[in-house]
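In: curious how this folds, go ahead:
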Amino acid sequence: MKRKTKLIHGGIQGDPHTGAVSVPIYQVSTYKQEGVGKHKGYEYSRTGNPTRFALEEYIAALEGGTRGFAFASGMAAFSTVLMLFDKGDHFVVGDDVYGGTYRLLSKVFSRLGLNATFVDTSDLDAVKSAITPNTKAIFLETPSNPLLKISDISAVAELTRSQGLLLGVDNTFMTPYWQNPLELGADIVIHSATKYLGGHSDVVAGLVAVKDESLGNELHFLQNSVGAVLGPQDSWLLMRGIKTLGVRMEEHERNARDLAYWLSNRKDIGKVYYPGLSSHPGHAIAKKQAGGFGGMISFDVGSGERAEKVLSRVKYFTLAESLGAVESLISVPAKMTHASIPPERRAELGISDGLIRVSIGIEDIEDLIEDLEQALA
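Out: Below you'll find the predicted structure:
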């Protein structure tokens, strides 16, 4: 089954009881049992809900996993994954990750005895050097956020297998339409489904898919125990959004590619970060492991003052947190999505005050270019 067909026909389709083409919204908390312990597969909606289950089967099918899980947010999803581990365990994590991921590891789970070392996961030697006897997993984003570094998933997966570690990949930027980390050797794939999978700035959700059945059983136990599950209304919205993922991702990329080329030819832009540019250091790896380069671009305008002026002047780009929507979004990571990272750490990573991150929507590219041109002028 080809990618676009799988988006329409993957997972559970419709309702066998009524013939409804769309999976119904089961707005229910509990289920009638025929006798004590005799039920029809559902007991309580924290443990399982038919609408959420359809979504979970959907993401498992799209990512090539054995089990899928839907959570109330991307951070709830990652938090539940971290609960697979024990006090004293250590992780190697990408240094250029979403600020909320950094905050969760350095300010929350560190208090519970889980420790992380942040390294450039696009540098395999750096990853190897960071592994300790207590290391249990490697977590990476590729492309990373916001500098769009590319990590070689297959190479890191080979390393984790040789060391007996788990590999978790945040696939939010690429989505299963462009990239399938489980097929490249990862054990866990994580999505902030709020972004491209939902695609319309109307739902907050997190999704996880795993390759191993026993790992899936462990995660289901944690999902049920912790209870940060996605409700049926949001599960239905997310399934509806994913149906059009293919056509949206292709349009996002077409626009992003044209805009990245345009930005890279401007003399008043310091640096443009986009894996689709041949000048990007991770271009060859991105081309090898993914079907596309995505719709995210970061570029440096030289100063925080100029960045704020640009953001105040745009008309078609919406100044907002988040990404992956049909409308183009613009932000300054140092002041917004990555503000939780200490300034000195941001400086080390290259997240300057003049760095602008744009999530390219599906508007007409000529309008987007004209909008940025007048804002930069």
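
In: could you chop this structure up by domain?
Out: Using automatic domain parsing, the domain ranges for the chain come out as 3-243, 246-376.

In: same list (the ones you listed) but as a markdown table, adding mean pLDDT and mean neighbour count.
Out: C-betas here are computed from N, CA, C, even on glycine. A markdown table is the format used below for these (pLDDT from 0 to 100; neighbours: other Cβ atoms under 10 Å):
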| stretch | mean pLDDT | mean neighbour count |
| --- | --- | --- |
| domain 3-243 | 96 | 19 |
| domain 246-376 | 95 | 19 |
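
In: part of a strand, is Val358?
Out: Yes - counting by DSSP: H, G, I helix; E, B strand; the rest coil, Val358 is located in a strand.

In: so it touches Val301, yeah?
Out: No - with contact defined as Cβ atoms under 8 Å, Val358 does not count as touching Val301 (11.5 Å).

In: now do the strands in this protein.
Out: For the chain, the strands defined by DSSP state E occupy 67-71, 90-94, 115-119, 135-141, 166-170, 188-192, 206-210, 272-273, 296-300, 318-319, 329-331, 355-359.

In: how about the closest residue to Ser264 other than its chain neighbours, what does it touch?
Out: Using Cβ to Cβ, 6 or more residues apart in numbering and skipping the chain neighbours, the partner closest in space to Ser264 is Val272 (4.6 Å). With contact taken as Cβ atoms under 8 Å, 6 or more residues apart in numbering, Val272 is in contact with 260, 263-264, 297-299.

In: which non-adjacent residue is nearest Ser201?
Out: Ala325 (4.4 Å).

In: OK, contacts around the one you found?
Out: Ala325 makes contacts with 195, 199-201, 359, 361, as judged by Cβ under 8 Å, 6+ apart.

In: next one: Gln179
Out: Counting by Cβ under 8 Å, 6+ apart, Gln179 touches 142, 171, 289-291.

In: closest one to Asp212 out of those residues, please.
Out: Asp212 lies nearest to Asn171 out of those, by Cβ to Cβ, at 17.1 Å.

In: the helices in the stretch 101-250 of the chain, which residues?
Out: Per DSSP state H, counting those that start in this stretch, the stretch 101-250 of the chain carries helices over the ranges 124-130, 153-163, 175-178, 213-226, 232-243, 245-264.

In: picking up where we left off before, now the contacts of Val272 in a markdown table, with distance to Tyr31?
Out: Output for those, formatted as a markdown table (distance: Cβ to Cβ, whole Å):
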| residue | distance to Tyr31 |
| --- | --- |
| Ala260 | 50 |
| Leu263 | 54 |
| Ser264 | 56 |
| Ile297 | 47 |
| Ser298 | 47 |
| Phe299 | 52 |
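
In: and those, which two are furthest apart?
Out: For the contacts of Val272, the farthest-apart pair by Cβ to Cβ is Ser264 and Ser298; their separation is 12.2 Å.

In: which residues are in contact with both of these two?
Out: Common neighbours of Ser264 and Ser298 (Cβ under 8 Å, 6+ apart) are 272, 274.

In: what about the closest residue to Glu253 other than its chain neighbours, distance to Val326?
Out: For Glu253, ignoring the flanking residues on the chain, the nearest one in space by Cβ to Cβ, 6+ apart is Gly292 at 4.9 Å. According to Cβ to Cβ, to the nearest Å, Gly292 and Val326 sit 17 Å apart.

In: dump the residue contacts of Val358.
Out: Applying Cβ under 8 Å, 6+ apart, the residues near Val358 are 259, 296-299, 317, 328-331.

In: one more time with 6 Å
Out: Going by Cβ atoms under 6 Å, 6 or more residues apart in numbering, Val358 touches 297, 330.

In: may I have the beta-bridge partners of it?
Out: Beta bridges link Val358 to Ile297, Ile330, judged by DSSP bridges.

In: how much space separates it from Gly10?
Out: Distance, Val358 to Gly10, by Cβ to Cβ: 30 Å.

In: Leu84: which of the helices of the stretch 101-250 of the chain is closest?
Out: Closest of the helices of the stretch 101-250 of the chain to Leu84 is helix 213-226, at 6.0 Å (criterion: Cβ to Cβ).

In: now the closest one against strand 206-210, angle please.
Out: For helix 213-226 against strand 206-210, the angle by axes from the mean of the first three to the mean of the last three Cα atoms, to 10 degrees is 150 degrees.

In: packing partners for helix 213-226?
Out: On a contact count with 3 or more Cβ pairs under 6 Å, 6 or more residues apart in numbering; DSSP states H and E, helix 213-226 meets strand 67-71, helix 74-82.

In: could you rerun that using 7 Å?
Out: Counting contacts by 3 or more Cβ pairs under 7 Å, 6 or more residues apart in numbering; DSSP states H and E, helix 213-226 is packed against strand 67-71, helix 74-82, strand 206-210.

In: so for Asp367, which of the ones you listed sits nearest?
Out: Here helix 74-82 is closest among the helices and strands packed on helix 213-226 (Cβ to Cβ), at 29.9 Å.

In: contacts for the closest one?
Out: By Cβ atoms under 7 Å, 6 or more residues apart in numbering, the surrounding residues in contact with helix 74-82 are 71, 100-101, 104, 109, 114, 168, 188, 190-194, 206-208, 219, 222-223, 226, 228.

In: what's the angle between it and strand 90-94?
Out: Using the same axes, to 10 degrees: helix 74-82 against strand 90-94 is 140 degrees.

In: closest to Pro181 out of the strands of the chain?
Out: For these, proximity to Pro181 was assessed by Cβ to Cβ; strand 166-170 is nearest, at 3.8 Å.

In: and the closest one with helix 74-82, angle?
Out: Going by the same axes, to 10 degrees, strand 166-170 makes 180 degrees with helix 74-82.

In: begin at 20, not 1, for the rest of this chat.
Out: Will do, 20 is the new start, and the previous item becomes strand 185-189.

In: give me the helices and strands touching strand 185-189, please.
Out: Counting by 3+ Cβ pairs under 7 Å, 6+ apart, the packing neighbours recorded for strand 185-189 are strand 154-160, helix 172-182, strand 207-211.
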